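**Q** Predicted model and sequence below, questions to follow.
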Amino acid sequence: MRIEKIDLPGVGIRHDMVTKHGRHVGVLNYRDGRRELALYDPEDPDTVLDFIELDDDESDALSDLLGHTALLSQITDFGSGALGLYTDQLVLPTDSRYLDLTLGDTQARTKTGVSIVAILRGDKVIPSPEAAEILRQDDIFVAVGTRAGLDKLEALLAHTAV
């Protein structure tokens, strides 16, 4: 699964997610505080089938239902691919061979050239995680690198336990 941040100048921020089944879902956070969920057409990921507007209470409730209330502030300028760099949020798969091992065991930076700048764990943010950080189920990695490097990191994390 990949979550991609897209800055919408003058409008807000959109986060797009592609599920493991190939469905595209978006969350739009407008500058005026409004939030919408977008459900994309499975046949054409550029076409939105429906928008669902959420008020603050609905947004909080949905977040709680989904089990995630982590809030991450923006990493400025990189998310949109400035200078060929991107930020991504990558979920550690539940069957990853790196589950319960350390971040250093992944050799992520050496193998992909990508920097993991934070780990989101439940409602906790671990900034600048150390190599000795134990990786847990449902950890979300905030990573910075080239598109090719981020793709390599996603593949690396997806390797399953033997």
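**A** Noted; the coordinates are in hand. Numbering: from 1, shown residues only.

**Q** So what's the predicted local confidence for the spatially most central residue of the chain?
**A** Nearest to the mean C-alpha position of the chain, by CA atoms, centre = their mean, lies Q89 at 2.4 Å. As predicted, Q89 sits at a pLDDT of 88.

**Q** please renumber so the chain begins at 4
**A** Renumbered: residue one is now 4, and that last one reads Q92.

**Q** element containing it?
**A** Using DSSP states H and E, Q92 sits in strand 89-94.

**Q** Report pLDDT for L86.
**A** The model's pLDDT for L86 equals 65.

**Q** any idea which element the spatially closest residue to A121 that is not a sequence neighbour lies in?
**A** Nearest non-adjacent residue to A121, counting by CB to CB, 6 or more residues apart in numbering: V145, 4.1 Å away. For the C-beta atoms, the positions are set from N, CA and C on the backbone; glycine is no exception. Under the criterion of DSSP H and E, V145 resides in strand 143-148.

**Q** on that earlier part again, gap between the residue nearest to A121 and D47?
**A** Separation of V145 from D47 (CB to CB, to the nearest Å) stands at 29 Å.

**Q** my read: the residue nearest to A121 touches R124, true?
**A** No: counting by CB atoms under 8 Å, V145 does not reach R124; the two are 11.4 Å apart.

**Q** what about those two, which has more around it?
**A** Ranked by neighbour count (other CB atoms under 10 Å), V145 and R124 place V145 first, with 22 against 18.

**Q** picking that back up, off-centre distance for the following helix or strand past the strand holding V145?
**A** Under the assignment DSSP H and E, the closest C-terminal helix or strand after strand 143-148 is helix 150-161. Relative to its parent chain, helix 150-161 has a centroid offset of 13 Å by CA atoms, centre = their mean, to the nearest Å.

**Q** Check which helices and strands helix 150-161 sits against.
**A** For helix 150-161, the elements it packs on are strand 89-94, helix 111-115, strand 143-148, judged by 3 or more CB pairs under 8 Å, 6 or more residues apart in numbering; DSSP states H and E.

**Q** nearest to Y101, of those?
**A** helix 111-115 (9.1 Å; CB to CB).

**Q** Tell me the buried residues in that closest one?
**A** A111, R112, T115 (16 or more other CB atoms under 10 Å).

**Q** Thought V117 was touching the first one, still the case?
**A** Yes: assessed by CB under 8 Å, A111 is found in contact with V117 at 6.2 Å.
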